[in-house]
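>>> Here's a sequence, model it:
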Amino acid sequence: MSNISFSKKYPYDGMNEEYYLIVQENADSVIFELCQKSALACDFNNSRFEGVFQGKDSMEKEQFALEKVLSDKQVVSQLTINLQELFQSMTTFCIYKNIKKELVPPIRASVSRDSDTMERSNYRISDGEVPLAYLYFHEQPSEYLIICHIPVVPENYDQERSHFNAVSEYIMEKFPDYKGKLNIIDAKRKLLCEIDPNESLSAIEAQLDLLSLMVFRIIETIPEPKKYFADFEDFRKTFDQTSVLTVKSMDKCLKEMTGIKKLIRTLQEEYYEKKDKL
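Numbering: from 1, shown residues only. This is a model prediction of the structure:
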């Protein structure tokens with residue numbers, strides 16, 4: 001039985017897409033080939049195929065089309081994944097193509113705000129690009145699923161066409177205990193949505209400037225601080241010109257910092273309580 005399936009959002013439709021994947025599953029690896037099909041490769045309605053299709057049912061037509069695709073394949077990029085090396089328990093990886101139409105190393109699906117965006121930018125993946133496929137690992141490297149968003153051709157034509165709306169739904173269908181992991185992910189996503197990153201950054205900046213001021217005052221008690229810190233005066237001058245204390249009083253900084261950090265600690269406490277119960 002193949003570990004490959006298709007999402008309902010991008011259903012398998014007779015290879016009418018410009019690109020498709022050939023996926024070869026081996027004992028210790030999975031090979032993805034991103035291919036661009038020729039214009040004639042799989043056109044069921046083309047008059048040249050009328051004689052071939054006469055009297056055949058839809059599955060026979062489809063197998064002929066798949067064989068035609070394989071014989072005419074134009075490989076754009078190839079990616080080999082070592083299952084043992086990539087494995088992380090209950091983790092989903094995204095398979096993308098970059099703006100050069102090349103497959104890039106799997107990117108771990110992240111719940112955080114910025115890590116996925118930064119990694120996608122590193123591989124020059126266009127904004128809004130939908131993954132070609134997802135690779136999910138369960139509790140062993142051999143327990144994995146490949147969920148595709150574009151047509152796919154397993155080498156043995158053994159493919160499952162499940163109808164599901166979300167990748168997580170399909171994973172839970174195959175591995176029911178994934179629901180606990182999904183609840184943790186949802187709780188973390190809720191936590192991140194309730195924390196304003198700008199306010200959090202403001203609190204960190206205020207705390208850093210207050211600590212810097214304390215360090216400067218300690219150093220100033222040392223006779224001839226320049227003897228031990230050659231750049232002390234330059235650092236102090238820069239601090240005096242750029243510190244948050246130039247626009248806010250220390251009391252206001254402390255009040256805002258305390259309020260923001262208390263809110264974050266409360267939300268984190270609620271999150272870890274929920275996580276421990278799951």
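>>> Now for the closest residue to Ser110 other than its chain neighbours: which residues touch it?
Using C-beta to C-beta, 6 or more residues apart in numbering and skipping the chain neighbours, the partner closest in space to Ser110 is Asp116 (4.3 Å). The way it works is simple: take the backbone N, C-alpha and C, and place the C-beta from them, glycine included. Counting by C-beta atoms under 8 Å, 6 or more residues apart in numbering, Asp116 touches Ile107, Arg108, Ala109, Ser110.
>>> how about the helices in this structure?
According to DSSP state H, the chain carries its helices in the segments 50-53, 58-71, 83-86, 115-122, 167-174, 178-194, 197-219, 232-242, 250-277.
>>> Pick the most deeply packed of the ones you listed.
Most buried of the helices of the chain by mean neighbour count (mean count of other C-beta atoms under 10 Å) is helix 167-174; its value is a mean of 18.
>>> burial measure for Cys35, as a count.
22 (other C-beta atoms under 10 Å).
>>> Wait, it touches Gln78, no?
No. Here Cys35 does not reach Gln78: they are 9.6 Å apart, not a contact under C-beta atoms under 8 Å.
>>> which residues touch Phe229?
So Phe229 contacts Ile219, Phe235 (C-beta under 8 Å, 6+ apart).
>>> Please report how far it lies from Leu213.
For Phe229, the distance to Leu213 (C-beta to C-beta, to the nearest Å) stands at 16 Å.
>>> Likewise for His138?
His138 is 51 Å from Leu213, by C-beta to C-beta.
>>> got it, and Lys174?
56 Å.
>>> quick one: the strands in the stretch 1-150 of the chain?
4-6, 19-25, 29-36, 75-82, 91-95, 107-108, 133-137, 144-148 (DSSP state E, counting those that start in this stretch).
>>> out of those strands, nearest to Met257?
Taking C-beta to C-beta, strand 107-108 is the member of these nearest to Met257, at 32.4 Å.
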